[in-house]
Structure formats: C-alpha cells, structure tokens
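Student: predicted model follows, preceded by the sequence.
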Amino acid sequence: MPRLRRWSKKVGRLLLELAVVVTIASLVYNAATAARIEPVTELYAGPFVSVDGKLVAYRRWGRSGSPIVLLGGFVEPTQVWQAVGKRLGATHRVFALDLPPFGYSQRKGPYTLRSWIALVHDFDVRFGLRRAVIVGHSLGAAVAVGEALAHPDELGGIVLLDGDAIAAGGAPSWLPDFVVGPWFTSIYRIATGSDWIFRRALRDAYGPHHPRLTHSVLRPWEQPFKVEGTLAAFKSMARYGIQGYRLADLRRVRVRSLVVWGQDDNVDSVGAGRASARALGVPFRVLPGAGHLSMLGAPGPLARVVAEFDRG
C-alpha cells in the first residue's frame, strides 16, 4: 500500500505538471496566433448591409427580373453560390447572404432559427424583395420553411436543397462549459487552419465528383473561421443542436415549394429529402452527379431547376 500511494502521488504530480505545460504552451501559441483573428471587415471587402444591428455579408448577381434569395448551410460562405448565382443573374435579381455566425457576417447572436428567419425577412424588406423565391441549402432549408410559415403571403416560393428542415438533438448540456480554457482555443485554431481536415470534410460533402482540393480551393472555407468571435459563437450554438421543425410542421406550409437533392449526397440522405417532400406534398427532384454541395457539383442543372420553379 505505501508503494501504491507513492506511485499515485508521482502520477498525480506528473499529470499536474503536464497540465501546466500544456496550458503554458497553449497560452504561448494563442498569443502567437492572435493576429490571425480579425474583424469581418478586414477579411471580406463586402458588400455588407446593416440588418437588425449587425453587419450582414452578401453577394449579388443580376439587376432585373424576379428576386431569388440563396441561403447556405452550416459554415458555408456565400462564395459557394457563385456559379449558380451568375447563371440565375442573367434573368433574375439574385442575393446570397451569410447567416451568422457563418461566412463573413458579424458574429452577433443569438444564433437561433428564429433570429435567422427574422434576419432574412428584414434583409428582403431592406432590398425591397417582394415575392422572392428562397432557396435554402442544408441548415438553410429550415430557415426557408420558417419564412414560409411566418410570412406566407410575402414569398414566391421556397426550395429545400439537400436539407430536410427537420430538427435534431443538441449537444450535451455540459459541453459549452467543457470547451473552455486556452488549450481548447489552441485546438480550434490548429483544426480550422488545417488543409488536411478541410480536405477530408469537403471530399465527403462534394461526393464522388470533386475538384482537386488544393490550398487555394480550401482557403475560402478556412478563412471565415478567423473572423473575430467565431469560436464563442460556435460554443453558443452547440446547445441548440440541428435547428428545424417536425414533419407535422411541414404539412402546414402553404407556400409553393420544391425539394431538390444531390443524387450522391452522403451527408443528408436522399430518403430524408423524400420524406420532407411527401410532408410538403410537393415534387422531389434529383440532381445526378451531385453530392451534398449540389450548388458546386451541379450548378448548371440546379440553376435551371430553380429558374423553372420560379416561372411556375
């Protein structure tokens, strides 16, 4: 027993010393990398618009025609819509906006489904977008459904793209309190600056047909994580889980709708998309050759589907 106590003390001292070393190393690393964290205006040239007291980053294509609003999903910057927006902009007024805390919109909460719905509505009012078609990708699909439920008479229609708009459980209640301290900040900065991590995630999201994921391709995905306040925003979001609705709520939607899915989507299943289409009582369209990021995998076919839907 005396020997066991001596070993226990040694192990305890070793763990304490290790914790001190890791904490000091984390503090040094965080201080050395602090310059990477910058305000949104230093990382994105704009345009921005002030909505509900926060700077919202957006992109715009086209100057005439009926309006289309494009909403990205989790951690998706508006750049993902470039090819689709350019095509639709030939005949429509097209806007894509970053839902905070994603892309380059100011990190100012709350980061809830209700706040995103209000922000999109206020954005539409700010630009005078009447009877707009809202295309919501992944997480953005729930925002599109929320707009349809809250403002049915003000929309021209909604398109759920690779997103079933259904809620899922949140993170454990202890998680926001656990992910504190300098070591977690270090892990966050290392992970969000790693081409290897982003390459693996995007390879799955693209599906079987993806471009060569070089640093120049990955950089637009990595850079928004350097926006001031992003880590705190993600910790705040963790308690909400995947925000959305129930299938029963989708049955209450009275706005013209469509569900579109990448054929090779392995992030959100095609079956989930079909279930949402059935609940909405609307057609289900599949984009061959596209994965979860169908706006990147099949921009031409997607733009045609949205334009046809807008024409009615």
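Tutor: That came through fine.

Student: helix, strand or coil for Phe74?
Tutor: Counting by DSSP: H, G, I helix; E, B strand; the rest coil, the backbone at Phe74 sits in coil.

Student: now do the same contact list for it.
Tutor: With contact taken as Cβ atoms under 8 Å, 6 or more residues apart in numbering, Phe74 is in contact with Phe102, Ser138, Leu139. Backbone N, C-alpha and C define where each C-beta goes, glycine included.

Student: roughly how far does the last one sit from Pro77?
Tutor: Read it as Leu139. Leu139 sits at a distance of 13 Å from Pro77 (criterion: Cβ to Cβ, to the nearest Å).

Student: and the pLDDT at Ala31?
Tutor: pLDDT, Ala31: 42.

Student: make residue 1 into 630 and carry on from there
Tutor: Sure, I'll start counting at 630 from here, so that last one is Ala660.

Student: so what's Val709 up against?
Tutor: Under the criterion of Cβ under 8 Å, 6+ apart, the neighbours of Val709 are Gly701, His766, Leu922, Met924, Leu925.

Student: next one: Pro696
Tutor: So Pro696 contacts His721, Arg722, Val723, Phe724, Asp753, Phe756, Leu758, Arg759, Arg760, Ala761, Val762, Gly785 (Cβ under 8 Å, 6+ apart).

Student: any idea which of these is the one closest to Leu909?
Tutor: Val762 (14.9 Å; Cβ to Cβ).

Student: tell me which strands the helix or strand that closest one falls within pairs with, and in which orientation.
Tutor: Val762 belongs to strand 761-766 when assigned by DSSP states H and E. Applying DSSP bridges to the sheet, strand 761-766 is found paired with strand 696-700 (parallel), strand 784-790 (parallel).

Student: for Pro930, find the nearest of those.
Tutor: Proximity to Pro930 (Cβ to Cβ) singles out strand 784-790 among those, at 11.9 Å.

Student: does Val678 touch Tyr687 like I think?
Tutor: Yes: in this structure Val678 lies within contact range of Tyr687 using Cβ atoms under 8 Å: 6.3 Å.

Student: now for these two: what residues contact both?
Tutor: Residues within reach of Val678 and of Tyr687 at once, by Cβ under 8 Å, 6+ apart, are Phe752.

Student: the more surrounded of the two?
Tutor: Between Val678 and Tyr687, Tyr687 has the larger neighbour count (other Cβ atoms under 10 Å), namely 21 against 17.

Student: from Glu783, how far out is the residue nearest to that one when sequence neighbours are not counted?
Tutor: Among residues not flanking Tyr687 along the chain, Leu726 sits closest, at 4.2 Å (Cβ to Cβ, 6 or more residues apart in numbering). Distance of Leu726 to Glu783, computed by Cβ to Cβ: 17 Å.

Student: of those two, who's got more company?
Tutor: Ranked by neighbour count (other Cβ under 10 Å), Leu726 and Glu783 place Leu726 first, with 26 against 16.

Student: that one reaches Ala686, doesn't it?
Tutor: Yes: using Cβ under 8 Å, Leu726 is in contact with Ala686, at 7.0 Å.

Student: wait, Gly732 touches Leu700, no?
Tutor: No: under the criterion of Cβ under 8 Å, Gly732 makes no contact with Leu700, lying 10.8 Å away.

Student: comparing the two, which residue is more hemmed in?
Tutor: Leu700 (31 against 26).

Student: correct me, but the more buried one touches Ile763?
Tutor: Yes: the pair Leu700 / Ile763 is scored as a contact, 6.6 Å apart, by Cβ under 8 Å.

Student: tell me, what's touching the two both at once?
Tutor: Val749, Val772, Ala773.

Student: using the three-state scheme, assign Tyr740.
Tutor: coil.

Student: residues contacting it?
Tutor: Tyr740 makes contact with Pro729, Pro730, Ala862, Ser865, Met866, Tyr869, according to Cβ under 8 Å, 6+ apart.

Student: poorly predicted segments of the stretch 780-929 of the chain, please.
Tutor: 798-818 (pLDDT under 70).

Student: okay, helices next: where are they in it?
Tutor: With DSSP state H, counting those that start in this stretch applied, the stretch 780-929 of the chain shows helices at 804-807, 811-820, 824-835, 844-851, 859-866, 876-879, 899-909, 923-926, 928-940, listed in chain order.

Student: Ile826 and His844, how far apart?
Tutor: 13 Å.

Student: comparing these two, which shows the higher neighbour count?
Tutor: More crowded of Ile826 and His844, by other Cβ under 10 Å: Ile826, with 14 against 10.

Student: which residues touch that one?
Tutor: Shown in contact with Ile826 (Cβ under 8 Å, 6+ apart): Ala820.

Student: I figured Gly858 was touching Ser734, is that so?
Tutor: No: contact between Gly858 and Ser734 fails when scored by Cβ under 8 Å: they sit 10.7 Å apart.
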